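>>> my questions are about this predicted structure, shown below with the sequence.
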Amino acid sequence: MDLKIIMVEGPHDGAFISKVMQVNGYKTCKKPIGEYTPTFVANYLRGQYKNAPVDELNLQSVRQQIVFPSYSLLRGEDEMLLIFQMGGDSREDKRKKLVGDIFRFLRSSMTTEAVSNSGKITFVYEFDADEEGVEVRLQQVTQEIRQIDDTFPGITGNGSYVESAGIRWGAYIFEDGNGKGRLEDIILPMMEQDNDDIAGFAKDFVEKRVTFKLFQTVKPTSHPQKARVGVMGQLEKAGCPNSAIIEQSSYLTEKKIIGSPVCSQIFKFLSA
């Protein structure tokens with residue numbers, strides 16, 4: 001069975017990728033962890049619990065120390081996708097630990113030939129382009145990978161893979177079509193489609209935030225698009241975070257996802 005380990009920034013990124021893949025035929029894995037394949041995956045995840053120094057950690061530290069996937073998806077018996085929430089682009093330490101731990105686990109338990117024979121092993125980095133841009137993010141990915149595999153040649157294209165030492169490495173950077181931006185530049189237009197009245201209300205409400213009394217002394221959000229996703233979602237799914245809004249709301253329908261060129265691109269990349 002092929003394995004892809006996808007490292008996303010936040011819960012909303014994971015929710016979106018999971019939804020795109022499930023609309024296109026992937027299924028939630030309901031197997032017990034002990035039955036995960038390749039078998040090293042089950043062994044690695046078991047070790048996360050067994051080896052964590054729980055007695056020495058508080059609850060916050062435990063959450064940071066034990067890195068478990070947020071989503072586990074299957075395509076038949078041919079491929080497993082594990083989606084890990086890693087935090088923002090600055091959390092290089094967390095990504096490096098996850099990739100390094102699994103990379104060393106592979107090397108200690110299997111030869112390169114055995115890894116290849118067990119199916120493709122792929123690590124995927126996902127970031128927002130933000131103001132830094134796609135090219136800067138791809139350079140960042142290359143630098144991080146070279147700290148694990150110093151023979152890695154580098155990733156030069158968004159939504160592409162490079163193989164090195166029997167492992168595939170890939171990167172997908174969310175952007176607005178002009179090389180910058182973030183996931184909300186993809187999600188928000190899809191949510192607003194066919195919902196002009198709600199979208200207009202949410203936009204006006206968020207844009208007025210600086211006029212409210214509280215925000216004369218407290219800094220308002222600097223991510224208005226993310227706020228608009230939340231405002232629209234709360235009208236249907238009160239109390240839900242943006243990740244649940246992406247998963248459950250009626251704004252991101254199967255028809256919209258199938259008809260979206262960006263979603264098709266994401267699916268084509270992650271299913272390759």
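Structure's in. What do you need? Numbering: from 1, shown residues only.
>>> low-confidence ranges, the stretch 51-200 of the chain, go.
Per-residue confidence for the stretch 51-200 of the chain (pLDDT under 70) gives these ranges: 61-65, 107-118.
>>> let me know the outermost residue of this structure.
Lys213 (36.2 Å; C-alpha atoms, centre = their mean).
>>> for Phe205, see how far away that one is.
Counting by C-beta to C-beta, to the nearest Å, the gap from Lys213 to Phe205 is 15 Å. For every residue, glycine as well, the C-beta is placed using N, CA and C.
>>> ok, now Ser222?
From Ser222 to Phe205 the distance is 16 Å (C-beta to C-beta).
>>> more neighbours: which of the two?
Taking other C-beta atoms under 10 Å, Ser222 and Phe205 do not tie; Phe205 has more neighbours (13 against 7).
>>> tell me the SS of that one?
helix (DSSP: H, G, I helix; E, B strand; the rest coil).
>>> can you check the one 5 residues further on too?
Classification of Val210 using three-state DSSP returns helix.
>>> show me what contacts the nearest residue to it once chain neighbours are set aside?
Residue nearest to Val210 in three dimensions, not counting chain neighbours: Pro220, with 6.0 Å by C-beta to C-beta, 6 or more residues apart in numbering. Counting by C-beta atoms under 8 Å, 6 or more residues apart in numbering, Pro220 touches 209-210, 212.
>>> can you tell me which of those has the most neighbours?
Counting by other C-beta under 10 Å, top hit in the contacts of Pro220: Arg209 with 13 neighbours.
>>> ok, it - contacts?
Taking C-beta under 8 Å, 6+ apart as the test, what Arg209 contacts is 215, 220-221, 224, 227.
>>> Glu161 - that's part of a strand, no?
That one is not Glu; residue 161 is Tyr. Yes - looking at Tyr161 with three-state DSSP, it is inside a strand.
>>> how many neighbours does the residue nearest to it when sequence neighbours are not counted have?
Nearest residue to Tyr161, sequence neighbours excluded (C-beta to C-beta, 6+ apart): Gly170, at 4.3 Å. Neighbour count of Gly170, defined by other C-beta under 10 Å: 23.
>>> which residues touch the host helix or strand of Gly170?
Applying DSSP states H and E as the criterion places Gly170 in strand 167-174. By C-beta under 8 Å, 6+ apart, the list of residues contacting strand 167-174 from outside reads 13, 103, 106, 115, 120-129, 134, 137-138, 141, 145, 149, 152, 155, 158-163, 181-183, 185-186, 266, 269-270.
>>> partner strands of it, with direction?
As defined by DSSP bridges, the strand partners of strand 167-174 come to strand 121-128 (parallel), strand 160-164 (antiparallel).
>>> and the closest residue to Thr221 other than its chain neighbours, which of the three is it?
Nearest residue to Thr221 in three dimensions, chain neighbours excluded: Ala227, at 5.1 Å (C-beta to C-beta, 6+ apart). State at Ala227, reduced to three classes by three-state DSSP: helix.
>>> need the contact list for Ala227.
Ala227 sits next to 206, 209, 221 when contact means C-beta under 8 Å, 6+ apart.
>>> for Met80, state which of those is nearest.
Using C-beta to C-beta, Thr221 is the member of those that lies nearest Met80, at 36.2 Å.
>>> neighbours of that closest one, how many?
Counted with other C-beta under 10 Å, the neighbours of Thr221 add up to 12.
>>> look at it and report its pLDDT.
Per-residue pLDDT puts Thr221 at 93.
>>> okay, it and Leu214: tell me how far apart.
Counting by C-beta to C-beta, the gap from Thr221 to Leu214 is 12 Å.
>>> repeat for Glu254
Applying C-beta to C-beta to Glu254 and Leu214 gives a distance of 39 Å.
>>> which one's more surrounded, those two?
The neighbour count for Glu254 versus Leu214, taken as other C-beta under 10 Å, is higher for Glu254 (11 against 8).
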